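Chemist: have a look at this prediction, sequence included:
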Amino acid sequence: MMVSLRFLFLVTLALEWRYARSDCVMYGYCHSTGDLHQQCVYEGPPKLLTNSTGLELLKKYCPSYYNETGDTTTCCNADQLINGIQHQVQAMSAVFKRCPSCLQNLITMACSSTCNPKQSEYIQLREVQLNEETYERYATSIDLYLSSNFMDGAFKSCSNVIIPALGKKALDATCGSYTATDCTSERWFRFLGDTSQNPAAPFTINFKRMEKPFLNFIPFDAKTYRCNESFNDETDACSCVDCLDSCPVDHNYSTVDYSFYIGKVDGLGLISLLIFLVILVAFLIVRFRSTIRKRRYSNGIVNIQQNIVNNTERIETSFMNKLSDKSEATLTKWFYYCGKAAAKRPTLVLALSSWAIAVCTYGILHLEVTSDPIKIWAAPDSRSRIEKDYFEERFGPFFRTEQIFLKPINLPKIGHNTSGGFIEFGPAFNKDFLLSAFQLQKKIYDIPDLQELCFAPLSNENRAEKISQCAVMSIWGYFNNDIDLFNKTSTDKNGFTTNYLDKIHKCLRSSTSTDCMAPYGGNVDPAIAVGKFLHIGNEAYEQAQAIVITFLLNNYISGDKLKSAIEWEKKFVSVVKNWIKTDMPDYMDIAFNSEMSIEHEISAESTAEATTIVMSYLLMFVYVSLTLGSYRSIKTLLVDSKIFLGMGGILLVLSSISSAVGIFGYLHVNTSLLTMEVIPFLILAVGVDNMFLLVTTVMKNEVRYKDIVECIAQSVSEVGPSILLTTLSEAACFGIGTIVDMPAVRTFSVYAFTAILINFLLQMTAFIAFLAIHLRRIKNNRLDLFFCVKIKDESNDRNNSSLIQDVLRKFIAPLLLHPIVNSVLFLIFIGVFFVNMAFIPHIEPGLEQKLSMSKDSEVYKYFVFMEEILSIGPPVFFVLKPGLNLSEEKDQNLICGSLNCNKDSLNTQIFAASTESKITRIRTPASSWLDDYFDWATTDGCCMVYKNGTFCPHNSDTKDCVACNMTTNRDNMRPGAGSFRSFLPYFLKDRPDAACAKGGRAYSAAVNYEVDMEGVPTIQDTYFMSYHTSLKTSKDYYSALRLAREVAENITSMLNEGRKDHKIEVFPYR
């Protein structure tokens, strides 16, 4: 046994010695798989490299292996350098070129695995195959030993590089099934060498961490460069956007907090409590002393009080404002004559009033009513409206969104065993649940005209050439909307079953992978496709409890296209509603919304409120008719009733509303149905109030003044000034509301102001006329409503008080005047006042959007689901107005976020804001077309033209395409000024793919340019898009807008620093 062990040891030692003596492990190519080449097995010394092209590439990419003074021997030939290293560098540059230090570390690794003359020190062959045509062996799997310093250093240098088009980190797309958040150096290198995940890997490379030499293997330990340092004198460090270590000091963003604390107690609450206690104690002391004095010196106190009253009267008389006296007397006199005139000639007054009402009401035919939420809530001259109009004028309106939330009901979580371990999925990934969602999605796809209307960012002119090009954000995009691919199962090399869950897990973690791209050619962000998954500091997409399907349509300001889109949305709503009724399974719940749904719901609710208004007026009519009456007996019931008077009063209230609306119809002042819902109730309350005052005063004066005209005139003179004062106070309140910019508030205030004044005028004229007719009818014992019928006078004794008045006089008033009761009420009032004062700072301004909808509407349910499910906020566009010459490097540095850009550039500031998303509410870095244009223009094979100089797609199969004659700046990182302008339209037409990931077709709507007489474009307006974090409450929305404006103002200040000729402006729009 001992001999056998020694023999095995010697054999092993001999094998290791054989590897140690062989400097190369592989050399040249012996096999190809598509565009990927596998290296030949070669265990021998490095060979001499003599090919001039190969030497030039070796010196460019792998200078440490190039011998400046003598012969260069390597483990690679020219073919490997041209078709291997060069292609690998191009592929890596497409993603990591923005950070030269990171890219250089990756190039170092590529050179070490291909050309290093000492490969055998850290590379071990694992699997080889035989080329059956040439009978040469080639490597299909190797182990490559790396030191921790190299692995961790390379990984850290690349860990924050972003992909501008997606607003995501590059690691999100280059770490297999892991996101940038949970990617580690081991996972990253595993992806880079895994042919099943990395389409650019020519064969399997098992990167293995080795701390120190073991047997004959020495870990590869080349120097790595940190992202905030340059690797030579000709390059700069990575920018802040791609390297957090390069970022300046964090920006302090403002916060708004009106609360303050005394210790740990709410300050205003404590102050309110102390003031209330002081008032309470003072009140109790005064009350107690007053009671004691009353008991002891009742007679003396009465005399003293009488003297005080007399002295007070003399003082008041002597100091009375004479002008006030005269004004009061004038008003009393005016109301007396007004009441007398109306009571004396009621028929004429009613005739004139009806004509005036008819003329005013006719204006309703010219009334313009809007249900557009933007026109209702945003003033035309408000900042948000101006910015919206500017954006839509320059870039077109934001696309229309049709969205469906699908939530499983009582479905369990799903467990799935994989080679990587056990994975638990949320109930939203139940297979039957997803298949049901697919059936609904398919029905929506089948709605006619979708292809004509949908948003297709990667098609020509944003118009879909086929329906698959429509941008649909759905988890089914990961399966290319192919149900067979969804149902496909297999067994991996470890014996585990792979199915749709494995695909979902991969795509949720790396949605930018080539095999996860949606049919329209772009990425489906998992934060949009699934919902209700977020936890603090963790985006566990696979734990989602809901999925989201979003269809995007092109939007238009007006015209037939807009009408077609609205008609399609009506069909969309109908299809979804019908599917819910007929096909939705019991284990599913759905909420949906279309772009037109909110506006439609506002109109529908306002129409439904008409019934409520009618019922309210009928009930108020019954209430007024019954409570104003004083009845002698059953026989005189129809004589004493006030149905005619109540009907007249209610009619006048309606007339005041219709007249006010008609007047503004003539003036073309737009209103909303929301305004028309509220005003009838408001004017009804005010009008009925005044009616009670007039009627009860007349009833009280009937005994004193037998003449009806005189009775009414005296009564009007008594309460007229009070009614006038009340009317002016109410009108003034609404008059103040007209100062507010918000259209909904302003129009409501204007309409209410006018209606209140008209109501007052009608009550001082027409209602008095009704009252005069009513009193004459009673005096002549004629029946209410049936004036021609007269009955025998049963009794001249009449009770001038109604039942309610009797109850108030006999029960309510004595109770309220009781000393204990009024003291308690006083203290309750004061207490409630200070409680409200304490809570004022905690009242959040704004209107929760779901509160504007009825709870039984689909939109309300959608808002509830959105708060619960949606885990990403709306996009925010940082719009850059004209003024910069972006073909010049100096102005480019103010905007871009990549290499050599200013540390306070536009994109850098937005990126910095996204790193503090809990404060700024900005979730992602901006999608920067400028940075992607730099990479596209300087990446070989991306910019292509036909021989006549016109644009040619980079992936065109025609042989007539040649590379653009692109000039670059001094460090070859950007196009020159002339090339920048000339080839910009080509960039905006080129569709991205794996060969050229930076094609700018998706940016075509983000850049406005004008073409001069020579056909050269000049950029005018442009925008850079980011996303907000999930916004749920009204406060979230206006806080996010406020912080976005703060970021934009900082950028604007930076752009205009030292600028005197003209000002540049940046503003956020969402």
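Modeler: That came through, no problem.
Chemist: tell me the contacts of residue 827?
Modeler: 280, 283 (C-beta atoms under 8 Å, 6 or more residues apart in numbering). C-beta: built from backbone N, CA, C; applies to glycine.
Chemist: what lies in contact with stretch 716-726?
Modeler: Contacts of stretch 716-726 (C-beta under 8 Å, 6+ apart): 328, 331-336, 338-339, 689-690, 693-694, 697, 701, 760, 763-764, 768.
Chemist: list the buried residues in that stretch.
Modeler: 716, 717, 718, 719, 720, 721, 723, 726 (16 or more other C-beta atoms under 10 Å).
Chemist: and for stretch 931-950?
Modeler: 931-939, 942-945.
Chemist: and if you look at stretch 175-191?
Modeler: 175-180, 183, 185, 187-191.
Chemist: now those residues in a markdown table, with distance to residue 115, secondary structure and pLDDT?
Modeler: Below are the buried residues of stretch 175-191 laid out as a markdown table (distance: C-beta to C-beta, whole Å; DSSP: H, G, I helix; E, B strand; the rest coil; pLDDT from 0 to 100):
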| residue | distance to residue 115 | secondary structure | pLDDT |
| --- | --- | --- | --- |
| 175 | 26 | coil | 86 |
| 176 | 27 | coil | 80 |
| 177 | 31 | coil | 77 |
| 178 | 30 | coil | 82 |
| 179 | 33 | coil | 81 |
| 180 | 31 | coil | 84 |
| 183 | 28 | coil | 89 |
| 185 | 23 | helix | 92 |
| 187 | 27 | helix | 91 |
| 188 | 23 | helix | 92 |
| 189 | 19 | helix | 93 |
| 190 | 23 | helix | 92 |
| 191 | 23 | helix | 90 |
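Chemist: and which of the residues you listed is nearest residue 815?
Modeler: residue 179 (70.1 Å; C-beta to C-beta).
Chemist: by contact count, what packs against the helix or strand where residue 268 lies?
Modeler: Secondary structure assignment for residue 268, by DSSP states H and E: helix 267-296. With contacts defined as 3 or more C-beta pairs under 8 Å, 6 or more residues apart in numbering; DSSP states H and E, the packing partners of helix 267-296 are helix 819-839.
Chemist: could you redo the last one with a cut-off of 10 Å?
Modeler: strand 261-262, strand 265-266, helix 298-319, helix 819-839 (3 or more C-beta pairs under 10 Å, 6 or more residues apart in numbering; DSSP states H and E).
Chemist: what's the mean pLDDT across that helix?
Modeler: Taken as a whole, helix 267-296 has a mean pLDDT of 78.
Chemist: that one versus helix 819-839: what angle between them?
Modeler: If you take axes from the mean of the first three to the mean of the last three C-alpha atoms, to 10 degrees, helix 267-296 sits at 170 degrees to helix 819-839.
Chemist: mind listing the helices for the stretch 351-500 of the chain?
Modeler: Remark: helices assigned in the stretch 351-500 of the chain by DSSP state H, counting those that start in this stretch are 373-377, 383-395, 431-445, 450-453, 483-487, 500-509.
Chemist: residue 40 is nearest to which of those?
Modeler: The nearest among these, by C-beta to C-beta, is helix 500-509 at 32.9 Å.
Chemist: export that closest one to PDB, keeping only CA atoms.
Modeler: Output of helix 500-509 as PDB, limited to C-alpha atoms (Å, rounded to 0.1, in the frame of the first residue of the first chain):
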ATOM      1  CA  TYR A 500     -39.700  28.700 -16.800                       C
ATOM      2  CA  LEU A 501     -38.700  29.600 -13.200                       C
ATOM      3  CA  ASP A 502     -35.000  29.400 -14.100                       C
ATOM      4  CA  LYS A 503     -35.600  31.700 -17.100                       C
ATOM      5  CA  ILE A 504     -37.500  34.200 -15.000                       C
ATOM      6  CA  HIS A 505     -34.900  34.100 -12.200                       C
ATOM      7  CA  LYS A 506     -32.200  34.900 -14.700                       C
ATOM      8  CA  CYS A 507     -34.100  37.600 -16.500                       C
ATOM      9  CA  LEU A 508     -35.200  39.300 -13.300                       C
ATOM     10  CA  ARG A 509     -31.600  39.500 -12.200                       C
END
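Chemist: downstream of it, the next helix or strand is which one?
Modeler: Counting by DSSP H and E, what follows helix 500-509 is helix 526-529.
Chemist: so what strands line up beside whichever helix or strand comes after that next one?
Modeler: Toward the C-terminus, helix 526-529 is succeeded by strand 530-531 as the next helix or strand (DSSP H and E). According to DSSP bridges, strand 530-531 forms sheet pairs with strand 546-553 (antiparallel).
Chemist: name the residues of whichever helix or strand comes after the partner strand that are buried.
Modeler: Next along the chain after strand 546-553, taking DSSP H and E as the criterion, comes helix 560-582. Neighbour counts over helix 560-582 (16+ other C-beta under 10 Å) mark 565, 566, 568, 569, 572, 573, 575, 576, 579, 580 as buried.
Chemist: could the residues you listed be laid out in a markdown table, adding pLDDT?
Modeler: Shown next, in a markdown table, are the buried residues of helix 560-582 (pLDDT from 0 to 100):
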| residue | pLDDT |
| --- | --- |
| 565 | 91 |
| 566 | 91 |
| 568 | 94 |
| 569 | 92 |
| 572 | 94 |
| 573 | 93 |
| 575 | 94 |
| 576 | 94 |
| 579 | 94 |
| 580 | 93 |
